[in-house]
Structures are given as structure tokens and as C-alpha cells.
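K.L.:
make a model of this:
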Amino acid sequence: MPKIADIEGTPNKNALKFILKEPLTWGIARSYDNAEVAKDDPLASALFDIDHVTNVFYIDYWITVTQDGEANWQDLARDVADPIRAAPAASEQSAETVAAASNVLSDLSQEDQLRLEKINVLLDEEIRPYLQHDGGDLHVLGLEGDVLRIHYQGACGTCPSAITGTLKGIEHMLKTIEPDIQVIAC
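P.N.:
Have a look, this model is predicted:
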């Protein structure tokens, strides 16, 4: 049962990030935009049962919960903390499980896989740490020619600056290795 070590605000005023003492997963992100999508995840389902919760995102030692903007965070944080504390901590997962989850875009050509590896290295080093610090992340959905499709997760998913300034910043940084790249948030 993960103990909450800290609670942090995020740039998205409707999202809170809960830092945990034990991991919920080992490197596998879970992101849910509604209760229907989360129905097979006991923790996310329990959180969506709480009024005003609109998004749940978690990985390893933290979870971000987003609300609709209608609730007082002091009250809502207490309600949200109960299911988080009741969730089981992650058991050791096999390397095969983690590898299978990260092998999402295996149908790309070898050349595009190499391009995507370079893109992911840059994202991992320069972008994701900042997004994760703010309670979010991004997931690469696809690389088609010079178009990289991404999906924001957690606090970034509903943050107005993610769709404008952050997206342009990511594209600008990626142009240092892929000059013709275009980044689209889906």
C-alpha cells in the first residue's frame, strides 16, 4: 500500500501530483481520460468514482489526478488520498512485460525506428523530466514521414500551455535533430 510522501501542485491548476513512497508500477504508465477507459484498473476506477475527477495518470512513484475545476482541492485531495493509499504497491514485473509495453511502434521501418530512437533519447533527456516534474508526460503515438504524433498525459493533458507553448518548444527542440519534423498533439 503506497504511502503518500508529498503532494505538489502543477502548472495545471486542476491537477495535483501525489508523490509516493512505494511504486504503483515499474516503468509502465497508466493514463485514463474517463471512467469507461479505466474500468479494468481498480485504482483508477476508485478515483473516477469520486465526484469531479476527470483524469488519472500514474507511473512508478507518482500519480496525478485532474479535476473538472468545480471542487476545492483541500477537500478533494483528502478523498483522493484514500484509494491511493489502499492501492497495492507494484510487485516486481518481468523485463518481458516492460519491454512489451515499450515496443509500441515496432511496425516502423528500420530507418524510422532509428529516427524514433533518437527522438525518444532527446525527449527522455530534455522534455519528459520537466513534464513529469509537473505531473504529466507525453506518449509517442506515431511517426509518419516528418510528422510525430504525441499524446499528453496527466496534468499536461488538460493544460492550456501544453497545447500551445510547450508543443512549439518540443517541436523546436526536435528540429535540432530532425529539421523538417512537425509535432502534433492528439
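K.L.:
which residues in the chain form strands?
P.N.:
Along the chain, counting by DSSP state E, strands occupy 4-9, 15-20, 30-32, 53-59, 62-67, 136-144, 147-154, 182-185.
K.L.:
partners of the fourth one, with directions?
P.N.:
Yep, that's strand 53-59 we're talking about. In the sheet, strand 53-59 lines up against strand 30-32 (antiparallel), strand 62-67 (antiparallel) (DSSP bridges).
K.L.:
distance from the chain centre to the first one, please.
P.N.:
Strand 30-32 has its C-alpha centroid displaced from the chain centroid by 7 Å (Cα atoms, centre = their mean, to the nearest Å).
K.L.:
how is this protein carved up into domains?
P.N.:
Domain assignment for the chain by automatic domain parsing gives 4-86, 104-185.
K.L.:
hey, least reliable of these by pLDDT?
P.N.:
Looking over the domains of the chain, mean pLDDT reaches its minimum on domain 104-185, with a mean of 86.
K.L.:
check the offset of that one from the chain's centre.
P.N.:
Centroid separation between domain 104-185 and its chain, computed with Cα atoms, centre = their mean, is 12 Å.
K.L.:
same thing with stretch 16-32?
P.N.:
That offset, for stretch 16-32, works out to 9 Å (Cα atoms, centre = their mean).
K.L.:
mind listing what's buried along it?
P.N.:
Leu16, Lys17, Phe18, Leu20, Pro23, Leu24, Thr25, Ile28, Arg30, Ser31, Tyr32 (16 or more other Cβ atoms under 10 Å). Using the backbone N, CA and C atoms, a C-beta is placed for each residue, glycine as well.
K.L.:
got it, and stretch 145-154?
P.N.:
Leu148, Ile150, His151, Tyr152, Gln153, Gly154.
K.L.:
can you redo those as CSV with distance to Val121?
P.N.:
Shown next, in CSV, are the buried residues of stretch 145-154 (distance: Cβ to Cβ, whole Å):
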residue, distance to Val121
Leu148, 14
Ile150, 15
His151, 19
Tyr152, 20
Gln153, 19
Gly154, 22
